[in-house]
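*Asks:* let me see the structure of the following:
(chains A and B)
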Amino acid sequence: GIQVEQSPPDLILQEGANSTLRCNFSDSVNNLQWFHQNPWGQLINLFYIPSGTKQNGRLSATTVATERYSLLYISSSQTTDSGVHFCAVLNYGGATNKLIFGTGTLLAVQP
Amino acid sequence: DAGVTQSPTHLIKTRGQQVTLRCSPKSGHDTVSWYQQALGQGPQFIFQYYEEEERQRGNFPDRFSGHQFPNYSSELNVNALLLGDSALYLCASSIAQGGGYTFGSGTRLTVV
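*Replies:* Model (predicted):
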């Protein structure tokens, strides 16, 4: 099945700093999502981005499907950005037709 | 527009008991997937239901079973609970033709 690796595994930032999280995947995909899991466990969808670039406020994401990676950019980080950020991928019609999660990046934003 | 609704939010069960978790998908979604997330781990795929049939299954024993109803809602059943079944159980809905997954808030199950 598809392997999904995220880096860095942990990240500590001062409030206001910028960061880039990376997601590498081992096979072609037609669904890629970035999620933020808050301290209560809810997985909040940040981006549905199988290819291209999207922006939503302080957050943006880019997926280069041909090179099998995606990047999540967080600018002017806030304490509410703390939590685990997951990348998840899926290949509809492929051998593994299910959403597969990466290992996550644990982000701590300090005031 | 209601998102994915899961119930109950928390549950404590004794080893050997059986549990049923429930999920109502987002309006317009027809596919429901269940995930188990142990503490400090990423979500692991349990199974997926579409048209009231189990379409995909992850590496989970037969103690884990499910059902999808005609209104697309779903149940996850776990029999003969083990201490290791303690986890956050997440339900996600999607449409069969593609697009993104929407997750519920989860059910936190503790087995004592």
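*Asks:* which residue ranges form the helices in chain A?
*Replies:* Along chain A, no segments are classed as helices by DSSP state H.
*Asks:* ranges for the strands of it?
*Replies:* A:4-7, A:10-14, A:19-25, A:31-37, A:43-48, A:52-56, A:59-64, A:69-74, A:83-90, A:100-101, A:105-110 (DSSP state E).
*Asks:* buried residues in stretch A:9-16?
*Replies:* A:11, A:13 (16 or more other C-beta atoms under 10 Å in any protein chain shown). Glycine gets a C-beta too; all of them are placed from N, C-alpha and C.
*Asks:* got the CA coordinates for it in CSV?
*Replies:* Extracted C-alpha coordinates of stretch A:9-16, given in CSV (Å, rounded to 0.1, in the frame of the first residue of the first chain):
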residue,chain,number,x,y,z
PRO,A,9,7.9,14.8,13.6
ASP,A,10,7.9,17.6,16.2
LEU,A,11,8.1,21.3,15.9
ILE,A,12,8.2,24.1,18.5
LEU,A,13,7.6,27.7,17.4
GLN,A,14,7.3,31.1,19.0
GLU,A,15,4.0,32.8,18.3
GLY,A,16,4.3,34.7,15.1
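*Asks:* what pLDDT does B:Arg63 get?
*Replies:* Note for B:Arg63: predicted pLDDT of 98.
*Asks:* surely it meets B:Ala80?
*Replies:* Yes: B:Arg63 lies in contact with B:Ala80 (C-beta atoms under 8 Å); the separation is 5.5 Å.
*Asks:* looking at the strands of chain A, spot the one closest to B:Gly98.
*Replies:* Across these, B:Gly98 has its closest neighbour in strand A:31-37 (6.7 Å, C-beta to C-beta).
*Asks:* run a quick neighbour tally on A:Leu106.
*Replies:* Using other C-beta atoms under 10 Å in any protein chain shown, A:Leu106 has 16 other residues around it.
*Asks:* residues contacting the residue lying closest to it once chain neighbours are set aside?
*Replies:* In space, and not counting its chain neighbours, A:Leu106 is closest to A:Asp10: 4.9 Å by C-beta to C-beta, 6 or more residues apart in numbering or on different chains. Going by C-beta atoms under 8 Å, 6 or more residues apart in numbering or on different chains, A:Asp10 touches A:105-106, A:108.
*Asks:* what would those look like in a markdown table with pLDDT and distance to A:Gln33?
*Replies:* Shown next, in a markdown table, are the contacts of A:Asp10 (pLDDT from 0 to 100; distance: C-beta to C-beta, whole Å):
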| residue | pLDDT | distance to A:Gln33 |
| --- | --- | --- |
| A:Thr105 | 97 | 14 |
| A:Leu106 | 96 | 18 |
| A:Ala108 | 96 | 22 |
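*Asks:* from these, pick the one nearest B:Ser27.
*Replies:* Nearest to B:Ser27 among the contacts of A:Asp10 is A:Thr105, at 31.5 Å by C-beta to C-beta.
*Asks:* what bridges to that closest one?
*Replies:* Beta bridges link A:Thr105 to A:His85, judged by DSSP bridges.
*Asks:* show me where chain B has its helices.
*Replies:* Taking DSSP H to define them, one finds no helices in chain B.
*Asks:* so what's the spatially most central residue of it closest to, chain neighbours aside?
*Replies:* For chain B, B:Trp34 is the residue whose C-alpha lies nearest the centre (C-alpha atoms, centre = their mean; 3.3 Å). Leaving aside its sequence neighbours, B:Trp34 sits nearest to B:Ile46 (C-beta to C-beta, 6+ apart; 4.3 Å).
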